[in-house]
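*Asks:* Structure, please.
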Amino acid sequence: ALPLLGEQPFLLVAGDIWSDYPLARLAGWIPGAGELGRLVLVPNPPQHGGGDFSLDQAGRVGTSATGRRCTYSGISLLSPRLLDGWNDAVFPLREPLRQAAGRGALSGEIWTGDWEDVGTPERYAELNRRLQQRRARVGQVAHQVLVAPQHVERGIEVGRALLASRLGVGGRRLALAMPL
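*Replies:* The predicted structure is shown next:
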């Protein structure tokens, strides 16, 4: 699937998260010299207290155990160059992300809006319960979770199968990579 991504940055949204993050906000990101991606990070959830990355005052994502530790939300705008040297074999995205973070090649931001990891049937059910309560409380249609329960139960294996299509956001052409 890597050749399908082309040369332009692509928007990556993990299939096992739910968020109200405004994706168009990433369209304004212009990579600096040597920068390979922009990650949306979130405060560490209870099930992942140690976080994935550090974020410094300048918005650089790193791997340091010190500083503000955050969790990768599963939302990012990435340069295909991030995957240079990786072949079409299955690999976890965390590996190229950690390498790039270790070199200072990623920027990031903290999202404190709604975000949920629905990677287990229990968290999926809890999110649906909360959204139904919200809908009943405000009398409006709440956001709907787009992850089918069978995908949550067997786990989303990002990297096994990607569907790449072109998406225009904010006047920029982006590739959208989605797990099948």
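
*Asks:* Can you spell out which helices and strands pack onto the longest helix anywhere in the chain?
*Replies:* In the chain, assigned by DSSP state H, the helix with the most residues is helix 121-138. If contacts are counted by 3 or more CB pairs under 8 Å, 6 or more residues apart in numbering; DSSP states H and E, helix 121-138 sits against strand 115-117, helix 149-154. Backbone N, C-alpha and C define where each C-beta goes, glycine included.

*Asks:* Check which helices and strands the helix or strand harbouring residue 38 is in contact with.
*Replies:* Per DSSP states H and E, residue 38 falls inside strand 37-42. Where contact means 3+ CB pairs under 8 Å, 6+ apart, strand 37-42 is packed against strand 53-55, strand 68-78, helix 94-102, strand 106-110.

*Asks:* mind saving the C-alpha coords of the last one as PDB?
*Replies:* Spelled out, that is strand 106-110. What follows is strand 106-110, C-alpha atoms only, in PDB (Å, rounded to 0.1, in the frame of the first residue of the first chain):
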ATOM      1  CA  LEU A 106       8.000  15.300  14.400                       C
ATOM      2  CA  SER A 107       5.900  18.200  15.700                       C
ATOM      3  CA  GLY A 108       2.700  17.800  17.700                       C
ATOM      4  CA  GLU A 109      -0.100  19.400  19.500                       C
ATOM      5  CA  ILE A 110      -2.200  18.400  22.500                       C
END
